[in-house]
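[1] below are the sequence and a predicted model; questions follow.
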Amino acid sequence: MSKTTRATQVLAKAGIAFSVHLYDYDPDVERIGLQAAEAIGEEPRRVLKTLMAEVDGKPACVVVPSDREVSMKKLAAAFGGKSAAMMKPADAERLTGYHVGGISPFGQKKVVPTAIEESALAEPHVYINGGQRGVQVRLDPKDAQRALKAIAAAVIA
């Protein structure tokens, strides 16, 4: 497992302060984000999951606490759309260049509109997937928002 990924390279190039945290990824768990939180010993609300969705048929990325679910209605509204749905895993992998379980919002193959759950911005730090299964990056959530040019939105159910 490498500490250098496209995601970490993008953060370094942007001058964002972050640290890399490795953990034993378990492909058999139902909720990957919660397993990551437990493995690194952090509150689930601070370990954010990266989800790929489609809003009115167009790709979008949403970053939310691992212990919460996204409201498709709120997600669509956040991007000025009428409907939203989760992207199929194969489509998410093709679009991002990452494997499910290792999808990072940083360094995706194609830049898409991104939203970060506004409640996460109040945390002193968050962990976000670092672009590989078993890799998390710890950073200031406002730095993550800036690096992603993400909108802050209330998108959790």
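    Thanks, I have it.
[2] buried residues in the helix or strand bottoming out on mean pLDDT in the chain, which are they?
    None of the helices or strands of the chain scores lower by mean pLDDT, DSSP states H and E than helix 32-40, at a mean of 87. By neighbour count on 16 or more other CB atoms under 10 Å, the buried set for helix 32-40 is 32, 33, 35, 36, 37, 39. No exception for glycine: its C-beta is placed from N, CA and C like everyone else's.
[3] next one: stretch 42-60
    So stretch 42-60, judged by 16+ other CB under 10 Å, has buried residues 42, 44-55, 59-60.
[4] then stretch 72-84?
    Under 16+ other CB under 10 Å, the buried positions of stretch 72-84 are 72, 74, 75, 76, 77, 78, 79, 81, 84.
[5] pull out the buried positions in stretch 113-123.
    113, 114, 115, 116, 117, 118, 119, 120, 123.
[6] so the second one touches residue 108, yeah?
    No - counting by CB atoms under 8 Å, residue 108 is not a contact partner of residue 114; they are 9.1 Å apart.
[7] just the buried residues of stretch 72-84: which are in strands?
    Of those, the ones assigned to strands by DSSP state E are residue 84.
[8] in TSV, list the buried residues of stretch 72-84 along with distance to residue 139 and pLDDT.
    Below are the buried residues of stretch 72-84 laid out as TSV (distance: CB to CB, whole Å; pLDDT from 0 to 100):
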residue	distance to residue 139	pLDDT
72	27	96
74	25	96
75	23	96
76	28	97
77	27	96
78	22	96
79	24	96
81	28	96
84	26	96
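[9] out of the buried residues of stretch 72-84, which are inside helices?
    Residues of the buried residues of stretch 72-84 located in helices (DSSP state H): 72, 74, 75, 76, 77, 78.
[10] how much space is there between the fourth one and residue 68?
    According to CB to CB, to the nearest Å, residue 76 stands 17 Å off from residue 68.
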